[in-house]
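A.B. asks: sequence and predicted model, in that order:
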Amino acid sequence: MQETAQQYIQRILGHIDGQDPMRVQKETPKKLAKLIKTLNKKQLATRPEPGKWSIAEILAHLADAELVGGWRMRLILGSNGVSIQPFDQDVWAETLGYAKRDPRVSLETFRALREANLSMLKSLPKNLWENHGMHQERGKETITHIVRMFAGHDLNHVAQIEQIKQIKKGSAGARRRARGDR
């Protein structure tokens, strides 16, 4: 069963309880780089189960989502109250070939876009943080809300990558134990 827009917002914002969203966003590229540092191409490209994204696909998604987020914030800042178009992440993943993208290039793209977006946000006067757009599925979204959502989105996907790594580590350990290796 698909979650509603409100359930999605609550789930994503639940990841950032008590954390500074700007700090979370600043730290995410480094966390991701550390998480994938020791993984080879096959490990990055393997899906944990059918219908679930691989680490490479998650990184491609993060790069594209950062591009979209930067565009949306700039659109809102230039035209308060503007309509915000949603996108279907699964259609983008398939159509744009997330599974075939180089995960390290995706991470670098994400890092560069994130750096540019954070730089823009740091220079914003306080009154512009309440500028908003009207997301066609989720309703009114201020710059403040978008920043919180992106921090929660980061933490959601970092946790997914950590879980995938644990699954892979567990699988490798099980194979070693089955062979009698230590």
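C.D. replies: Good, I have the coordinates.
A.B. asks: how about low-confidence regions in the chain?
C.D. replies: In the predicted model of the chain, residues 1, 168-182 satisfy pLDDT under 70.
A.B. asks: how about the strands in it?
C.D. replies: With strands called from DSSP state E, the chain shows them at 82-84, 132-135, 139-142.
A.B. asks: any chance of the ones you listed in a markdown table, plus mean neighbour count and distance to residue 166?
C.D. replies: In short, each C-beta sits where N, CA and C put it, glycine included. Compiled in a markdown table, the strands of the chain are given as follows (neighbours: other Cβ atoms under 10 Å; distance: least, Cβ to Cβ, whole Å):
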| stretch | mean neighbour count | distance to residue 166 |
| --- | --- | --- |
| strand 82-84 | 15 | 35 |
| strand 132-135 | 19 | 33 |
| strand 139-142 | 15 | 33 |
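A.B. asks: closest one to residue 20 among these?
C.D. replies: Between residue 20 and the strands of the chain, the tightest spacing by Cβ to Cβ is seen for strand 139-142, at 17.0 Å.
A.B. asks: hang on, the earlier thing: how about the strands of the chain in CSV, adding distance to residue 42?
C.D. replies: Shown next, in CSV, are the strands of the chain (distance: least, Cβ to Cβ, whole Å):
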stretch, distance to residue 42
strand 82-84, 38
strand 132-135, 37
strand 139-142, 38
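A.B. asks: nearest to residue 150, out of the ones you listed?
C.D. replies: Of all the strands of the chain, strand 139-142 sits nearest to residue 150, with 10.9 Å by Cβ to Cβ.
A.B. asks: does residue 136 really touch residue 85, like I thought?
C.D. replies: Yes - with contact defined as Cβ atoms under 8 Å, residue 136 counts as touching residue 85 (6.3 Å).
A.B. asks: quick one: the helices in the chain?
C.D. replies: Assigned by DSSP state H, the chain shows helices spanning 5-14, 21-36, 41-45, 55-78, 89-95, 103-122, 143-179.
A.B. asks: just the ones you listed: most buried one?
C.D. replies: Comparing those by mean neighbour count (mean count of other Cβ atoms under 10 Å), helix 55-78 comes out on top with a mean of 20.
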